[in-house]
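# What follows is a predicted protein model with its sequence.
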Amino acid sequence: WGVTQLTSEMQSAEWVSDVKLHKGMMGVGSHDNKVYLYDVSGDGTSRLRGKCVKHNSYITHLDFSSDGKFIQSNCGGYELLFYSTKDGKQITSASSLRDTSWATQTCTLGWPVQEIFPPGCDGTDVNAACCSKDGKYVYTSDDFGKLKVFNYPCVTKGAQCVEGRGHSSHVTCVRELGQGRV
């Protein structure tokens, strides 16, 4: 599989809930309410670049911007926060990033996924999201044992979806394998 250990000296005081790699960087979301940003070299060594420290609860999801300049992250307190990957400093004006292209869209909270939640559910019922590689669809998994496919961005109130049920309980994650395979 070609798996390489990138680091064994994590800074996190709690367990890790999400990890993303992008353009020589690694973002590590933790249950200590922080996102740790690392530079990762070709030989697998890493160096702490910065910490994103403004969340009020544990990190649930994170995504890098396509150009690698920004991170967006969600937490258990239902926050969507943005940070610079240069130093981990929070960007408090979300509108300044409105035209930003994201390398992935796994955050379940945000403008392009605002209608993925069924009526009457709380923020914990949708466990995961994943935008298709071609940017046409967003896949979700939920606490009701369902996988759903929405058009992306999903911003129309009462958005229609295709749903499949193959699980008896919570579906905790969904990712596209490529060529539209989930």
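Looks like it arrived, so ask away.
# give me the beta-bridge partners of Asp63?
Gln72 (DSSP bridges).
# Correct me if wrong: it contacts Thr104.
Yes - in this structure Asp63 lies within contact range of Thr104 using CB atoms under 8 Å: 4.7 Å. C-beta coordinates here come from the backbone N, C-alpha and C atoms, glycine included.
# In terms of neighbours, single out the busier of these two.
Each of Asp63 and Thr104 has its neighbours counted (other CB atoms under 10 Å); Asp63 has more, 23 against 20.
# ok, that one - contacts?
Residues counted as contacts of Asp63 (CB atoms under 8 Å, 6 or more residues apart in numbering) are 20, 71-73, 102-107.
# what's the helix or strand for the residue sitting furthest away from the middle of the chain?
The centre of the chain is farthest from one residue, Asp43, which by CA atoms, centre = their mean lies 26.0 Å away. For Asp43, there is no helix or strand it lies in under DSSP states H and E.
# can you pull the pLDDT of it?
On pLDDT, Asp43 comes in at 83.
# And it, how far from Gly24?
12 Å (CB to CB, to the nearest Å).
# where does the chain dip in pLDDT?
In the predicted model, the chain carries pLDDT under 70 at residues 1-10, 180.
# the strands in the protein, which residues?
Applying DSSP state E to the chain gives strands spanning 16-22, 25-30, 35-40, 46-52, 59-64, 70-75, 80-84, 90-91, 126-131, 137-142, 146-151, 162-165.
# Partner strands of the shortest one and their direction?
Sheet neighbours of strand 90-91, with direction, are listed as strand 80-84 (antiparallel) (DSSP bridges).
# And the third one, by the same measure?
Here strand 35-40 is paired, per DSSP bridges, with strand 25-30 (antiparallel), strand 46-52 (antiparallel).
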